[in-house]
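>>> A predicted structure for the sequence below; I have some questions about it.
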Amino acid sequence: MEITSLAPALVWKNFHALTQIPRPSGHIKAVADYLVDFGKSHGCEAFIDKAGNVVMRKGATPGYENLETAILQAHMDMVPQAVKGSTHNFETDPIETYIDGDWVRAKGTTLGADDGMGVAAAMAIIEDESVAHGPLEVLITADEETGMYGAFGLEAGTLTGKYLLNLDSETEGEITIGCAGGQDVEVHSSYEEMEVNPADMVGYRLSIKGLRGGHSGLEINEGRANANKLMARMLSEILESGSGWISSWHGGNMRNAIPRDGEAILLVPKSHEEELKQIVSSHCKMFNEEYAAIENGNILIELTPCELPAKAMPEDVQDDLVSAVMAAHDGVLRFIPTIPDIVETSSNLAIIKAGGGEIEIGILARSATDTMKEYLCKSLKDCFELADMDVTLVGGYGGWQPNTSSPLVANMSEVYEKMYGKKPIVQVCHAGLECGIIGVTYPEMDMASFGPTLLSPHTPDERCFIPSVEKFYNFLVEMLKHIPAKQ
């Protein structure tokens with residue numbers, strides 16, 4: 001059974017089409033061109049703006065011209081994550097989907113339902129002439145996953161709508177009205193590599209894999225293991241025991257994904273090989289015990305011989321690097337005091353690239369409170385500067401402050417209850433949504449976010465709950481008839 005046979009047919013047909021177009025962040029020209037052609041072929045004004053966003057406009061259905069213009073908003077890029085050992089090339093290869101019971105998954109990669117389902121739903125609305133609606137604008141933003149660049153670049157005057165429906169939430173039955181802000185913490189340092197005497201040394205590759213990883217906004221509260229932190233714990237003991245020198249260390253590859261794997265290339269004195277093996281074995285056992293209820297015993301640590309590197313990090317450099325990573329905060333810092341189920345402030349020590357005389361570390365800090373975000377970023381900055389590294393704060397954005405008196409949300413809650421016999425959950429979330437950024441440029445815009453149920457976005461275990469898609473889409477269709485009227 002193919003996903004194109006699922007209901008609603010237009011949504012799944014369009015989602016399948018998106019899976020056939022490679023669209024990792026930073027490589028979205030093909031999908032942007034496809035969307036423009038799609039819009040024009042269905043009678044819309046369609047264009048790409050200066051920031052790389054796709055904008056489509058469609059007139060009102062006869063009889064609904066009195067409604068305010070509604071904006072359907074989603075993002076076109078996807079997070080490129082694959083299982084260890086995969087040969088999938090996200091820049092050239094389509095995503096291979098399959099049905100697993102009530103879920104749609106991808107074979108060994110992220111599915112791209114974040115936010116391909118939102119894009120597909122907007123496309124279905126454009127395509128389906130039976131859907132009644134007022135004037136429509138569709139905004140499909142560029143490179144949301146790597147820095148929300150499309151939202152940041154959206155110019156005033158591009159949109160005319162007053163009500164924005166963001167289609168990038170991950171739990172059907174919930175309406176999101178606020179989210180955390182974020183800040184990228186970028187660490188850099190250069191060093192002179194050290195020559196080594198190969199006579200009494202051997203090379204080893206230390207790798208860690210099998211971790212669940214996850215979305216650093218949605219799943220940071222679950223206490224999932226961070227591959228960079230676990231590697232630092234092993235390296236700390238290895239260095240203290242004299243069992244190895246670091247030649248290189250790499251872990252994680254996306255700022256908003258909890259790192260699932262990593263590896264370090266070590267130079268090991270022959271006299272310490274057995275001690276090294278014992279350290280690695282004991283840590284593997286210890287980590288699986290510590291995270292037994294979360295990682296399900298799947299943490300795999302491998303130590304394999306490799307070609308002896310010609311150079312290593314100097315002792316002070318490797319000590320400072322490992323100590324700083326050990327000390328840097330990772331995970332939840334605080335929950336919202338008035339909403340203790342929702343994370344307020346967190347950090348994700350996402351990326352480490354060290355070797356060849358250069359060190360780069362990437363951390364994404366999030367908070368619903370600007371002062372807590374500033375405090376967290378300052379503490380991270382101080383931590384790495386104490387290790388004589390340069391720290392830059394880039395790509396900062398404020399949170400989306402909830403509007404509890406929103407006419408849009410009131411209408412949405414009423415429509416959902418009439419359709420499904422229960423009230424939707426109206427909440428704020430810790431994940432970053434583009435609404436806060438768009439709201440800076442369009443401060444009078446009324447916004448809400450919703451979507452079908454997705455689990456484990458930003459990981460190869462990403463999956464979409466099939467029954468939720470029809471409920472989400474039918475709600476969207478009905479909601480378009482209940483956009484507030486023009487005053």
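On my side now, so go ahead.
>>> would you map the strands across the stretch 1-150 of the chain?
Chain-ordered strands for the stretch 1-150 of the chain, with DSSP state E, counting those that start in this stretch as the definition, fall at 45-48, 54-58, 70-75, 97-100, 103-106, 136-141.
>>> just for the stretch 101-250 of the chain, where's the confidence low?
The model of the stretch 101-250 of the chain has no residue with pLDDT under 70.
>>> all helices in the chain, in order from the N-terminus.
With DSSP state H applied, the chain shows helices at 9-19, 29-41, 113-127, 149-153, 227-241, 273-290, 292-295, 315-327, 370-386, 407-420, 435-441, 466-479, listed in chain order.
>>> relative to Leu333, which of the ones you listed is closest?
Shortest distance between Leu333 and the helices of the chain, using Cβ to Cβ, is found for helix 370-386: 5.9 Å. C-beta: built from backbone N, CA, C; applies to glycine.
>>> can you list contacts of the closest one?
181-183, 185, 187, 324, 327-329, 333-334, 344-345, 347, 361, 363, 365-367, 391, 393, 396, 398-399 (Cβ atoms under 8 Å, 6 or more residues apart in numbering).
>>> next, format the strands of the stretch 1-150 of the chain as TSV and append distance to Ala122.
Compiled in TSV, those are given as follows (distance: least, Cβ to Cβ, whole Å):
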stretch	distance to Ala122
strand 45-48	12
strand 54-58	8
strand 70-75	4
strand 97-100	19
strand 103-106	18
strand 136-141	5
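>>> among those, which is nearest Glu263?
Going through the strands of the stretch 1-150 of the chain one by one, with Cβ to Cβ as the measure, strand 103-106 comes closest at 24.2 Å.
>>> direction included, what does the closest one pair up with?
According to DSSP bridges, strand 103-106 forms sheet pairs with strand 97-100 (antiparallel), strand 463-465 (antiparallel).
>>> can I get those in JSON lines with mean neighbour count and mean pLDDT?
Converted to JSON lines, those look like this (neighbours: other Cβ atoms under 10 Å; pLDDT from 0 to 100):
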{"stretch": "strand 97-100", "mean neighbour count": "15", "mean pLDDT": "98"}
{"stretch": "strand 463-465", "mean neighbour count": "23", "mean pLDDT": "98"}
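>>> for Pro452, find the nearest of the ones you listed.
When the strands paired with strand 103-106 are ranked by proximity to Pro452, the top entry is strand 463-465, at 6.2 Å, counting by Cβ to Cβ.
>>> ok now that closest one, how far from the chain's centre?
16 Å (Cα atoms, centre = their mean, to the nearest Å).
>>> contacts for that strand, please.
Around strand 463-465, the neighbours that count as contacts under Cβ under 8 Å, 6+ apart are 100, 102-105, 111, 113, 117, 172, 452-456.
>>> show me where the stretch 151-300 of the chain has strands.
Counting by DSSP E, counting those that start in this stretch, the stretch 151-300 of the chain forms strands over residues 163-166, 174-179, 181-190, 194-195, 201-209, 214-215, 245-251, 257-258, 262-269, 300-306, given from the N-terminal end onward.
>>> out of those strands, deepest packed?
Highest mean neighbour count among those (mean count of other Cβ atoms under 10 Å): strand 257-258, with a mean of 26.
>>> how many other residues sit next to Asp388?
Asp388 has 12 neighbouring residues, counting by other Cβ atoms under 10 Å.
>>> now do the contacts for the nearest residue to it once chain neighbours are set aside.
Among residues not flanking Asp388 along the chain, Asp320 sits closest, at 6.2 Å (Cβ to Cβ, 6 or more residues apart in numbering). Under the criterion of Cβ under 8 Å, 6+ apart, the contact list for Asp320 reads 387-389.
>>> now Asp320: how far from Glu96?
When Cβ to Cβ, to the nearest Å is the yardstick, Asp320 and Glu96 sit 43 Å from each other.
>>> for Met419, same thing?
Distance from Met419 to Glu96, by Cβ to Cβ: 34 Å.
>>> if we can go back for a sec, Provide a ChimeraX selection command restricted to the buried entries of the contacts of strand 463-465.
What follows is the ChimeraX syntax for the buried subset of the contacts of strand 463-465, where burial is set by 16 or more other Cβ atoms under 10 Å:
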select :103,104,105,111,113,117,172,452,453,454,455,456
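>>> ok, so of the contacts of strand 463-465, who is nearest Ser247?
Proximity of the contacts of strand 463-465 to Ser247 was ranked by Cβ to Cβ; the top entry is Ser456 with 33.0 Å.
>>> coming back round to it: what subset of the contacts of helix 370-386 is buried?
181-183, 185, 187, 324, 328-329, 333, 344-345, 347, 361, 363, 365-367, 391, 398-399.
>>> now, those that are in strands?
With strands taken from DSSP state E, the overlap with the buried ones among the contacts of helix 370-386 comprises 181-183, 185, 187, 333, 344-345, 347, 361, 363, 365-367, 391.
>>> which of the residues you listed sits closest to Val36?
Taking Cβ to Cβ as the measure, Gly182 is the one of these closest to Val36, at 29.2 Å.
>>> beta partners for that closest one?
Arg366, Tyr397.
>>> residues contacting it?
Gly182 sits next to 364-366, 373, 395-397, 432 when contact means Cβ under 8 Å, 6+ apart.
>>> how about 6 Å then?
The neighbours of Gly182, taking Cβ atoms under 6 Å, 6 or more residues apart in numbering as the test, are 366, 397, 432.
>>> only alpha carbons, please: show stretch 356-365 as CSV.
Once non-C-alpha atoms are left out, stretch 356-365 reads as follows in CSV (Å, rounded to 0.1, in the frame of the first residue of the first chain):
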residue,chain,number,x,y,z
GLY,A,356,43.1,19.7,12.0
GLY,A,357,43.9,22.7,14.1
GLU,A,358,40.3,24.0,14.4
ILE,A,359,37.5,23.6,16.9
GLU,A,360,33.9,24.4,16.2
ILE,A,361,31.0,23.9,18.7
GLY,A,362,27.4,24.7,18.0
ILE,A,363,24.7,25.1,20.8
LEU,A,364,21.1,26.1,20.5
ALA,A,365,19.7,27.9,23.6
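>>> can you give me the buried ones in it?
Residues 359, 361-365 are the ones in stretch 356-365 that count as buried (16+ other Cβ under 10 Å).
>>> now do stretch 471-487
Buried residues in stretch 471-487, defined by neighbour count with 16+ other Cβ under 10 Å: 471-473, 475-480, 482-484.
>>> center of this structure, which residue is that?
The centre of the chain sits closest to Asn256, judged by Cα atoms, centre = their mean, with a distance of 4.3 Å.
>>> what about that residue, distance to Gly432?
As it turns out, when the distance is counted by Cβ to Cβ, Asn256 lies 8 Å from Gly432.
>>> cool, Ala30 as well?
25 Å.
>>> between these two, point out the one with more neighbours.
Between Ala30 and Gly432, counted using other Cβ under 10 Å, Gly432 has the larger neighbour count: 25 against 12.
>>> so what pLDDT did the more buried one get?
pLDDT, Gly432: 88.
>>> grab the nearest non-local neighbour of it.
Setting aside the residues directly before and after it, Gly432 is nearest to Gly182 in space (Cβ to Cβ, 6+ apart), at 4.9 Å.
>>> what's the answer for Gly398, then?
For Gly398, the closest residue by Cβ to Cβ, 6+ apart turns out to be Gly181, at 4.4 Å.
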